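Student: let's see this in three dimensions:
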Amino acid sequence: MVKKNGFIICLPLILNLFVYCNPIIAAFSPSDSNENEQHRIQELKQRLDNLEPPEPTTILDSPFPFEQVAEVNFPTDVIPIAEVLKKQTKIPFKVIKSDPSYVRPIYDKHWHSTYWGGRWSYIPSRIHFALHRIFPFYAIGLSAELNFQGDVGIAFPTSTNETNLDLYIVVFQTNITDVRTLGNQIVVVGTPKRTGVEVISIKTADIQPSNKEKFLLVQLVTKGADELDYSFISYQPPDFWLKQKQKLNER
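Tutor: Have a look, this model is predicted:
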């Protein structure tokens, strides 16, 4: 009788143990293991796609579509830098950020392929930004602002004015002394340094392009008229935000 009662007591325990262990056994089943492995393979493949081109290739110009069409939209009336400096073409600028001791990092943690889905991890892009020291930018859209500040590795405040648009210019390793403009050129004058970063803003109302359909050529130069670097950006009118607001109201 004792043995029978013991069997009756043990049977529910064995059944409960089987029910409890079954999910654990299933968790280590070959099918789930294969599924996890495939997921990991896809994740690594995506990270690799974010790091390099799909095929071995040589990129001589910018990896960005915007700058690949720069030659077509290049200003046709480029004026020698020395001539721009001689003329009374100074425009006011505002210093948004200044860090004289800033050192550009070789690598930033935000550029890792696991950060934000590899948003800033593409190697050709990283090399492109490392080759330049001047970067013009309009704070038009949160996504564009996030991308730009992540690429240059510098955060700075921006503002919005419906009728007085700002053009921001990030400059590395240069002490900016003045800004001049003539035609489709913006010439940022400064003294080269080994360290430092400055972010300035100018008003697009102070720029009078000779051809608004062409890009602006933004040049970083020395007082002796030697070009240190250059970049391109489209011209946007002072009332850019007002026009955007009007378009939304018309919908």
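Student: alpha carbons only for contacts and neighbour counts from here, please
Tutor: Noted.
Student: now stretch 163-179, how far from the centre of its chain.
Tutor: 17 Å (Cα atoms, centre = their mean, to the nearest Å).
Student: what's next to it, contact-wise?
Tutor: Outside stretch 163-179, the residues within contact range by Cα atoms under 8 Å, 6 or more residues apart in numbering are 90-93, 133-139, 159-160, 186-205, 236-242.
Student: so residue 202 sits right up against residue 90, yeah?
Tutor: No. Between residue 202 and residue 90 there is no contact under Cα atoms under 8 Å: 11.2 Å.
Student: parallel or antiparallel, which strands does the longest strand anywhere in the chain pair with?
Tutor: Identified as the longest strand of the chain according to DSSP state E is strand 185-203. Sheet pairing here is set by DSSP bridges, and for strand 185-203 it gives strand 94-99 (antiparallel), strand 166-182 (antiparallel), strand 216-221 (parallel).
Student: could you dump the longest one to CSV, C-alpha only?
Tutor: Output for strand 166-182, consisting of C-alpha atoms alone and laid out as CSV, is shown next (Å, rounded to 0.1, in the frame of the first residue of the first chain):
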residue,chain,number,x,y,z
ASP,A,166,21.3,81.0,-41.8
LEU,A,167,24.1,79.1,-43.6
TYR,A,168,26.2,77.3,-41.0
ILE,A,169,29.9,76.6,-41.8
VAL,A,170,32.0,74.2,-39.7
VAL,A,171,35.7,74.7,-40.0
PHE,A,172,38.4,72.6,-38.5
GLN,A,173,42.0,73.6,-37.6
THR,A,174,41.6,77.2,-38.6
ASN,A,175,41.2,80.5,-36.8
ILE,A,176,38.6,82.4,-38.9
THR,A,177,39.2,86.1,-39.3
ASP,A,178,36.7,87.2,-41.9
VAL,A,179,34.2,86.0,-44.5
ARG,A,180,33.8,87.5,-48.0
THR,A,181,31.4,86.8,-50.9
LEU,A,182,31.4,87.6,-54.5
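Student: all helices of the stretch 51-200 of the chain, in order?
Tutor: Along the stretch 51-200 of the chain, the stretches classed as helices by DSSP state H, counting those that start in this stretch are 65-68, 81-86, 123-131, 142-152.
Student: sorry, back to before: now the contacts of stretch 163-179: which count as buried?
Tutor: Buried members of those, counted by 16 or more other Cα atoms under 10 Å: 90, 93, 133-139, 186-190, 192, 196-204, 236-241.
Student: how's the chain carved up into domains?
Tutor: 2-51, 76-250 (automatic domain parsing).
Student: tell me which of those domains lies nearest to residue 63.
Tutor: domain 76-250 (6.3 Å; Cα to Cα).
Student: what packs against the helix or strand hosting residue 246?
Tutor: In this structure, residue 246 is located in helix 240-250 according to DSSP states H and E. For helix 240-250, not one helix or strand is in contact under the criterion 3 or more Cα pairs under 8 Å, 6 or more residues apart in numbering; DSSP states H and E.
Student: what does that helix rub up against?
Tutor: For helix 240-250, contacts defined as Cα under 8 Å, 6+ apart pick out 160, 161, 162, 163, 165.
Student: so how far is residue 83 from residue 216?
Tutor: Residue 216 sits 17 Å away from residue 83, going by Cα to Cα, to the nearest Å.
Student: to clarify, my last question referred to residue 202.
Tutor: 21 Å.
Student: and if you look at residue 212?
Tutor: Counting by Cα to Cα - residue 212 and residue 83 are separated by 21 Å.
Student: neighbour count for the two, which is higher?
Tutor: Set side by side, residue 212 and residue 83 show more neighbours around residue 212, with 15 against 10, by other Cα atoms under 10 Å.
Student: so residue 139 makes contact with residue 145?
Tutor: Yes. The pair residue 139 and residue 145 qualifies as a contact (Cα under 8 Å) at a distance of 5.8 Å.
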